[in-house]
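In: Sequence below, structure please.
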Amino acid sequence: MTDPKMAAMWSEAFTNFTILMNPYLAMKQAMKYFWQNRR
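Out: Residues are numbered from 1 along each chain as shown. Here you go, the predicted model:
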């Protein structure tokens, strides 16, 4: 089940996903604090 091509594809996809998710999560946290502080 360990096809090297598949493994490379998965690791690349996971890396891209992580790179995309980090700014998104950071923005979500920032928005949460922003809305809390506005009240």
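
In: neighbours of E12, just the number please.
Out: Neighbours of E12 under the rule other Cβ atoms under 10 Å: 10. From N, CA and C alone the C-beta is placed, and that goes for glycine too.

In: name the element it belongs to?
Out: Assigned by DSSP states H and E, E12 belongs to helix 4-38.

In: in that helix, what's buried?
Out: By 16 or more other Cβ atoms under 10 Å, helix 4-38 has no buried positions at all.

In: For that helix, give the mean pLDDT please.
Out: Helix 4-38 carries an average pLDDT of 92.

In: chain center to that helix: distance?
Out: The chain centre lies 1 Å from the centre of helix 4-38; the measure is Cα atoms, centre = their mean, to the nearest Å.

In: do stretch 3-21 as well
Out: Put simply, stretch 3-21 sits 12 Å off its chain's centre (Cα atoms, centre = their mean).

In: and what of stretch 28-39?
Out: How far stretch 28-39 lies from its chain's middle: 20 Å, per Cα atoms, centre = their mean.

In: Output that stretch in CSV with nothing but the alpha carbons.
Out: C-alpha atoms of stretch 28-39 as CSV (Å, rounded to 0.1, in the frame of the first residue of the first chain):
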residue,chain,number,x,y,z
LYS,A,28,-9.9,33.4,12.4
GLN,A,29,-8.2,33.9,15.8
ALA,A,30,-7.7,37.6,15.1
MET,A,31,-11.3,38.0,14.1
LYS,A,32,-12.4,36.3,17.3
TYR,A,33,-10.4,38.6,19.4
PHE,A,34,-11.6,41.6,17.4
TRP,A,35,-15.3,40.7,17.9
GLN,A,36,-14.7,40.1,21.6
ASN,A,37,-13.0,43.4,22.1
ARG,A,38,-15.7,45.4,20.2
ARG,A,39,-18.3,44.6,22.8
